[in-house]
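Asks: Below: sequence and its predicted model.
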Amino acid sequence: MNDLAANLLTTVRLIVPELILLVVAALGALWGAFARVATLEDRAATRQKSVLFGAAALLAALAALLVWPAVGELDPARAAFIGDRLAAILRPAGLLAGLVLLIFQREQLHPRFAAEQVACLLVIVAGVNLAGAANDLIALFVALELVSIPTYVLLFLSRNDAGGLESTAKYFLLSVFSSAFVLYGLSIFMGSAGATNFAWLRHSLVEPSGMVTAGLLQVAVAMTIVGIGFRVTAVPFHFYAPDVFHGTSTATAGLLAVLPKVVGFAALLRLLWSIVLAPGVDEAFSSLADRTSLGLAAVALLTMTVGNALALVQTDLRRLLAYSSVAHAGYMLVGLAVVPGGSERFSGDRAVLFYLLLYAVMTLGIFGGILLLRRNGKPIETIGDLDGAGRTAPLAALAMAVLLFSLSGLPPTGGFWGKFNLFLAAWSTGSQPLRWLAVALAVNAAIAGWYYLRLVRRMYLHAVPETGATSADSGPLMAAVVGGCALAMLALFFLPNGLWRMVALAAAGPAAV
């Protein structure tokens, strides 16, 4: 009993940063429900206080993560959460992304529901971080729902007009549907192994009993990939994305483009790489790894091709970025399709994690650029609003151009190394299907370059429209975020090894505790 209590206490100490976020979110939601916001002055004060409370909570969580490590031995076989190297990368990344998204939301908070919106953001960030540290099926599902449920509320509060309500309803219904698939797949994992802990699940595959069969595991893997495929906008589970991105605020669209992908790929890395495809899995399940790889390769090919093809014909910026987000999910699925046993230097899990971090920075920077630019006093909405921005907002346009180059995978930006590592991870396996997949990735990157560079062309080669020029009017904080993201992409082209070494040390399984 003493050992169990000590292990529980150590686990609680491990998730202190996330507990801070959840407690502040609960207090903020209660305060928002009872705060009086009858006048414009009250509403402005409420929005300002909400942002300050949110920023304080995220900074406190980040400080706790750095200075309050878990004390004592943590037994992976009995811990719901672990502080391994994968968690050490994803948790601070989630908190920093939360701070950036809070800056984005600052100007787009609802006058009456600012406190509730900030509370939802804090809960979503806590869910992302808990998924990155999850070591148990139940803990992982709870973390996934901590991301999904507040997102429904945030979508509703961001825009409650007809378009906003439609996008909220679509996301809610499809998200609940996908959660059912995830829960069914996780329940089969649990029933096969007789446990929910990841260490026990892996043990049941390394030394299988009669309860574990290849057929059951195939169903479990398929159901889990289908459910999580919704969160990462993999085809054919992507069709909600353009309508939801278009029907919500730009700040919330930026959140949807980044955080669900982080939590989705964190879950896939945990489940696939630390359990199903882990080294030492019994020979009886060797065919499962091959079938999983081929299935993920097919989904990756379909996802990046459909995403890029549909992005080519978009004129609305948020819909274009929605399909771009679909395509980038396909690129990352290429890395997941590379099973263990490939190149040690260019392994799939490293390439996925490296690209996921780059994607988060690039995408946040692009959405920040859209919020930074104004035309006739309003945020830009269409690609036509970018016309002439290179003359009227030169610094903002330059930062946007760097980020667009990075999204397309062109040098001298970090996005080049991200796609290059995914290409090498697939090519170095020696598998003919995966080599064809690597070629398809390169072709899709070229297709994506067309619509990304089209935006650059409109900024620099189109005349300033007579109906109103585009300018950068969102203040120094937003400009600093966009500029920082662009500089980070330039720096990572010339100095990528530090991030690559950090990613290489991140083991996807509990064994790295």
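Replies: Looks like it arrived, so ask away.

Asks: Could you give the average pLDDT over whatever helix or strand residue 126 lives in?
Replies: Residue 126 is located in helix 114-133, with elements delineated by DSSP states H and E. The average pLDDT within helix 114-133 is 90.

Asks: Tell me the buried residues in that helix?
Replies: 114-133 (16 or more other Cβ atoms under 10 Å). Using the backbone N, CA and C atoms, a C-beta is placed for each residue, glycine as well.

Asks: How about stretch 451-463?
Replies: 451-452, 455-456, 458-460, 462.

Asks: Any chance you could list what contacts that stretch?
Replies: 308, 311-312, 314, 320, 324, 383-384, 386-390, 397, 400-401, 404-405, 407-408 (Cβ atoms under 8 Å, 6 or more residues apart in numbering).

Asks: same thing with stretch 145-159?
Replies: 108, 110, 113, 116-117, 119-121, 123-124, 126-128, 130-131, 164-165, 167-168, 171-172, 175, 179, 231, 244, 247-249, 251-252, 255-256, 259-260, 263.

Asks: Just the mean pLDDT for whichever helix or strand comes after the helix holding residue 126, thanks.
Replies: Using DSSP H and E, the helix or strand that follows helix 114-133 in sequence is helix 137-158. Mean pLDDT, helix 137-158: 88.

Asks: Now the element after whichever helix in the chain runs longest, going C-ward?
Replies: Longest helix in the chain, counting residues (DSSP state H): helix 162-193. Next in sequence after helix 162-193, counting helices and strands by DSSP H and E, comes helix 198-206.

Asks: Buried ones in that next one, by neighbour count?
Replies: 198-205.

Asks: on that earlier part again, so can I have a markdown table of the buried residues of stretch 451-463 showing secondary structure?
Replies: Below are the buried residues of stretch 451-463 laid out as a markdown table (DSSP: H, G, I helix; E, B strand; the rest coil):
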| residue | secondary structure |
| --- | --- |
| 451 | helix |
| 452 | helix |
| 455 | helix |
| 456 | helix |
| 458 | helix |
| 459 | helix |
| 460 | helix |
| 462 | coil |
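
Asks: Identify the residue with the minimum pLDDT among those.
Replies: Among those, pLDDT bottoms out at residue 462, giving 83.

Asks: tell me the phi and psi of that residue?
Replies: With angles defined as degrees, to the nearest 10, residue 462 sits at phi -100, psi 150.

Asks: same thing with residue 81?
Replies: Here residue 81 shows phi and psi, under degrees, to the nearest 10, equal to phi -130, psi 150.

Asks: Surely it and residue 11 touch.
Replies: Yes: the pair residue 81 / residue 11 is scored as a contact, 5.7 Å apart, by Cβ atoms under 8 Å.

Asks: Settle it for me: which of those two has more neighbours?
Replies: Taking neighbours as other Cβ atoms under 10 Å, residue 81 and residue 11 compare with residue 81 leading, 25 against 21.

Asks: Do a quick rundown of the strands in the stretch 401-513 of the chain.
Replies: Per DSSP state E, counting those that start in this stretch, the stretch 401-513 of the chain carries strands over the ranges 470-472.

Asks: low-scoring pLDDT stretches of the stretch 301-450 of the chain, where are they?
Replies: Scanning the stretch 301-450 of the chain for pLDDT under 70 picks out the ranges 339-346.

Asks: where exactly do the helices run in it?
Replies: Using DSSP state H, counting those that start in this stretch, the helices found in the stretch 301-450 of the chain span residues 317-336, 348-372, 389-392, 394-408, 414-427, 432-461.

Asks: Quick one, which of those gets closest to residue 186.
Replies: Across the helices of the stretch 301-450 of the chain, residue 186 has its closest neighbour in helix 317-336 (17.9 Å, Cβ to Cβ).

Asks: Next, the buried residues of that closest one.
Replies: Neighbour-count burial for helix 317-336 [16+ other Cβ under 10 Å]: 317-336.

Asks: swap in stretch 216-223?
Replies: Result for stretch 216-223 [16+ other Cβ under 10 Å]: buried residues 217-218, 220-223.

Asks: would a markdown table of these with pLDDT and distance to residue 99 be doable?
Replies: Compiled in a markdown table, these are given as follows (pLDDT from 0 to 100; distance: Cβ to Cβ, whole Å):
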| residue | pLDDT | distance to residue 99 |
| --- | --- | --- |
| 217 | 80 | 40 |
| 218 | 82 | 41 |
| 220 | 85 | 36 |
| 221 | 85 | 35 |
| 222 | 87 | 37 |
| 223 | 89 | 35 |
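
Asks: list the contacts for residue 110?
Replies: Applying Cβ under 8 Å, 6+ apart, the residues near residue 110 are 117, 157-158.

Asks: repeat that for 10 Å
Replies: If you count contacts by Cβ atoms under 10 Å, 6 or more residues apart in numbering, residue 110 has them with 43, 47, 116-117, 156-160, 249.

Asks: I'd assumed it was in a strand, is it?
Replies: No: using three-state DSSP, the assignment for residue 110 is coil, not a strand.

Asks: how many neighbours does residue 159 have?
Replies: Neighbours of residue 159 (other Cβ under 10 Å): 18.

Asks: should've said residue 378
Replies: The burial count for residue 378: 9, using other Cβ under 10 Å.

Asks: From residue 14, how far out is residue 390?
Replies: 48 Å (Cβ to Cβ, to the nearest Å).

Asks: do residue 366 as well
Replies: 34 Å.

Asks: Equivalent analysis for residue 372, please.
Replies: In terms of Cβ to Cβ, residue 372 sits 37 Å off from residue 14.

Asks: of these two, who's got more company?
Replies: The neighbour comparison of residue 372 against residue 14 (other Cβ under 10 Å) goes to residue 372, with 27 against 24.

Asks: Surely residue 298 is in a helix?
Replies: Yes: counting by three-state DSSP, residue 298 is located in a helix.

Asks: Make 251 the starting number, not 1.
Replies: Yes, from this point I'll number from 251; that puts the last item at residue 548.

Asks: got a list of what it touches?
Replies: Counting by Cβ under 10 Å, 6+ apart, residue 548 has contacts 583, 587, 683, 687.

Asks: Pull the number of nearby residues for the second one.
Replies: So that's residue 587. 28.

Asks: Tell me if I'm right that it and residue 541 touch.
Replies: No: using Cβ atoms under 10 Å, residue 587 is not in contact with residue 541, being 11.3 Å away.

Asks: Using CSV, list the CA coordinates for stretch 546-563.
Replies: The C-alpha trace of stretch 546-563 is given here as CSV (Å, rounded to 0.1, in the frame of the first residue of the first chain):
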residue,chain,number,x,y,z
LEU,A,546,-0.9,3.8,-43.1
ALA,A,547,1.0,4.2,-46.4
ALA,A,548,-2.3,4.1,-48.3
VAL,A,549,-3.9,6.6,-46.0
ALA,A,550,-0.8,8.9,-46.3
LEU,A,551,-0.9,8.8,-50.1
LEU,A,552,-4.6,9.5,-50.2
THR,A,553,-4.4,12.3,-47.6
MET,A,554,-1.6,14.3,-49.1
THR,A,555,-2.9,14.0,-52.6
VAL,A,556,-6.5,14.9,-51.9
GLY,A,557,-5.5,17.8,-49.5
ASN,A,558,-3.1,19.3,-52.1
ALA,A,559,-5.5,18.8,-55.0
LEU,A,560,-8.4,20.6,-53.3
ALA,A,561,-6.2,23.4,-51.9
LEU,A,562,-5.3,24.3,-55.5
VAL,A,563,-8.8,25.6,-56.2
